[in-house]
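Engineer: structure for the following, please:
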Amino acid sequence: MRRLRRIKILATLGPASSDSTMIRKLFEAGADVFRINMSHTPHDKMRELVKTIRNVESSYGRPIGILVDLQGPKLRVGSFANGPVQLNNGASFVLDSSKEPGDADRVCLPHPEILSALKVGDALLLDDGKVRLICEETSPDRAVTRVVIGGKMSDRKGVSLPDTDLPMSAMTNKDRADLEAACETGIDWVALSFVQRAEDVAEAKRMIRGRAAVMAKIEKPQAIERLQDILDVSDALMVARGDLGVEMPLERVPSLQKQMTRMARRAGKPVVVATQMLESMITSPVPTRAEVSDVATAVYEGADAIMLSAESAAGKYPVEAVSTMNRIGEEVERDTLYRGVLTAQRPEPEATAGDAIAGAARQIAETLDLSAIICWTSSGSTALRVARERPKVPVVAITPNLNTGRKLSAVWGVHCVVAEDARDQDDMVDRAGRIAFRDGFAKSGQRVIIVAGVPLGTPGATNMVRIAYVGPTDADV
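Structural biologist: Numbering: from 1, shown residues only. As a prediction, the model looks like this:
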């Protein structure tokens with residue numbers, strides 16, 4: 001099951017893709033990580049999906065990542081007494097704490113934290129930004145707003161606040177329960193919604209206690225303002241373009257996507273580009289040309305992964321959507337321009353032994369036209385540093401830890417093999433050659449470069465580079 005592309009694919013599971021047969025088809029089509037959206041998945045169903053994925057994983061003998069996406073706070077208005085109302089441009093509209101059903105003049109906003117945080121001049125976006133209000137008067141229990149962009153408003157529509165820093169956690173009680181259940185089940189990644197500040201990620205990490213890695217979803221303007229701090233404490237980023245495009249001007253989203261992709265690469269942390277990548281394939285067997293170009297842009301930029309949401313979870317053509325994404329990735333990576341773009345964006349190595357050795361390994365491999373870079377890694381840090389270099393040659397990560405292999409399934413270019421740790425350096429070199437030959441990364445007589453930490457099995461101790469031939473005995477697998 002060696003992939004012929006470097007960028008990874010995340011596929012969301014749902015009604016269209018929750019049985020073993022379909023999950024197998026999605027994996028064979030190119031899915032590297034499966035996403036479980038806890039907005040729509042009860043705990044029993046989540047456990048069932050995890051068990052099914054693990055069964056598929058064991059039958060193919062290749063690590064598969066599982067990402068659980070927490071719902072986050074859902075801010076909504078209350079209900080209306082007589083059905084939908086029309087809010088007209090220029091009209092006054094009140095949001096208050098009264099539980100009475102609303103009308104064309106007011107509605108309940110059952111979130112006291114919003115009413116207390118609003119300031120005059122703050123914008124409120126209702127129903128995914130279709131209706132826009134500007135706050136003109138505030139008090140702890142009501143806000144008087146002016147309708148800037150009117151439209152129809154009905155019960156329980158969502159509220160977004162692009163200008164307001166809300167004094168609330170990124171996790172609700174439901175999220176905390178979902179998080180604990182997911183960690184007990186043995187998932188690999190947790191996607192954290194509604195991140196506004198680094199402390200939100202730190203809170204999730206305290207609950208997780210090392211049982212999974214945290215991917216911060218960047219979907220709020222407040223997160224953009226503190227992006228470096230959030231990245232510093234996160235294990236990965238997700239560019240959540242849907243909500244980001246509601247709370248910020250749409251025309252800013254492409255540049256923010258590029259900015260986050262490059263920041264994450266500099267930090268040596270995975271970045272996932274998500275939302276509406278092949279949206280038309282929910283109902284169509286082929287995407288639009290614009291969607292193909294959008295996916296290709298993420299590949300050219302060197303993102304670690306691209307994600308399918310409703311396309312694979314609820315669409316009519318989940319396998320076709322993954323196959324299409326797979327083909328786009330392969331085609332872009334064959335383009336001679338692709339390598340030039342990645343090289344131009346390569347960050348300078350940080351002043352650490354791991355970065356210096358990863359950079360040297362990439363340069364040696366490309367100068368000597370070696371067949372692959374083989375990383376022996378316990379925690380995954382060696383493979384992450386090598387992947388940060390975006391080398392021209394394939395990257396193979398060998399790890400004794402299955403959990404490490406599963407996490408690395410979201411990292412650019414890393415083909416992960418779970419194997420018993422090497423006994424000594426000779427065993428390390430011998431088995432690296434065997435695995436490179438077995439998985440099609442090198443032929444007998446070709447050379448590979450091996451990167452590892454000595455003493456073996458010491459996490460984060462990358463300090464050794466060795467060039468080795470794949471000899472006749474290595475080929476005899």
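Engineer: test my guess that Pro318 contacts Leu26.
Structural biologist: Yes. Using CB atoms under 8 Å, Pro318 is in contact with Leu26, at 6.4 Å. Backbone N, C-alpha and C define where each C-beta goes, glycine included.
Engineer: give the residues shared as contacts by these two.
Structural biologist: Residues touching both Pro318 and Leu26 (CB atoms under 8 Å, 6 or more residues apart in numbering) are Ala11, Ser17, Ser312.
Engineer: which residue sits farthest out from the middle of this structure?
Structural biologist: Taking CA atoms, centre = their mean, the residue of the chain most remote from its mean C-alpha position is Asn82, at 41.6 Å.
Engineer: so what's that residue up against?
Structural biologist: If a contact means CB under 8 Å, 6+ apart, then Asn82 has Asp103 as its contacts.
Engineer: ok but it is inside a helix, no?
Structural biologist: No. Asn82 is assigned coil when assessed by DSSP: H, G, I helix; E, B strand; the rest coil, not a helix.
Engineer: any idea how far it is from Ala353?
Structural biologist: Distance, Asn82 to Ala353, using CB to CB, to the nearest Å: 69 Å.
Engineer: what do you get for Met277?
Structural biologist: Taking CB to CB as the measure, Met277 falls 38 Å from Ala353.
Engineer: the two - which one has more neighbours?
Structural biologist: A direct count of neighbours by other CB atoms under 10 Å for Met277 and Ala353 places Met277 higher, at 24 against 14.
Engineer: name the SS class of the nearest residue to that one once chain neighbours are set aside, please.
Structural biologist: Nearest non-adjacent residue to Met277, counting by CB to CB, 6 or more residues apart in numbering: Val295, 5.3 Å away. Secondary structure state of Val295, per three-state DSSP, is helix.
Engineer: check contacts around Val295.
Structural biologist: Counting by CB under 8 Å, 6+ apart, Val295 touches Met277, Leu278, Ile306, Met325, Ile328, Gly329.
Engineer: quick one, strands of the stretch 1-150 of the chain?
Structural biologist: 8-13, 33-37, 65-69, 85-87, 92-96, 106-108, 123-126, 131-139, 142-149 (DSSP state E, counting those that start in this stretch).
Engineer: hmm, I typed the wrong one, I wanted the stretch 251-400 of the chain.
Structural biologist: Along the stretch 251-400 of the chain, counting by DSSP E, counting those that start in this stretch, strands occupy 271-274, 305-308, 373-376, 395-399.
Engineer: nearest to Ala387, out of the ones you listed?
Structural biologist: Closest approach to Ala387 among the strands of the stretch 251-400 of the chain (CB to CB): strand 395-399, 6.0 Å.
Engineer: ok, Val239 - how many residues close by?
Structural biologist: Neighbour count for Val239, taken as other CB under 10 Å: 25.
Engineer: tell me the SS of it?
Structural biologist: With three-state DSSP as the criterion, Val239 reads strand.
Engineer: which one's more surrounded, Pro318 and Leu26?
Structural biologist: Higher neighbour count among Pro318 and Leu26: Pro318, with 28 against 24, using other CB under 10 Å.
Engineer: need the contact list for the nearest residue to the more buried one once chain neighbours are set aside.
Structural biologist: Leaving aside its chain neighbours, Pro318 sits nearest to Ser312 (4.2 Å; criterion: CB to CB, 6+ apart). Ser312 makes contacts with Ala11, Thr12, Leu13, Gly14, Ala16, Ser17, Leu26, Ala31, Pro318, Ala321, Val322, as judged by CB under 8 Å, 6+ apart.
Engineer: which residue packs closest to Asp32, ignoring adjacent ones?
Structural biologist: That would be Lys8: by CB to CB, 6+ apart, it lies 4.3 Å from Asp32.
Engineer: thanks a lot, see you next time.
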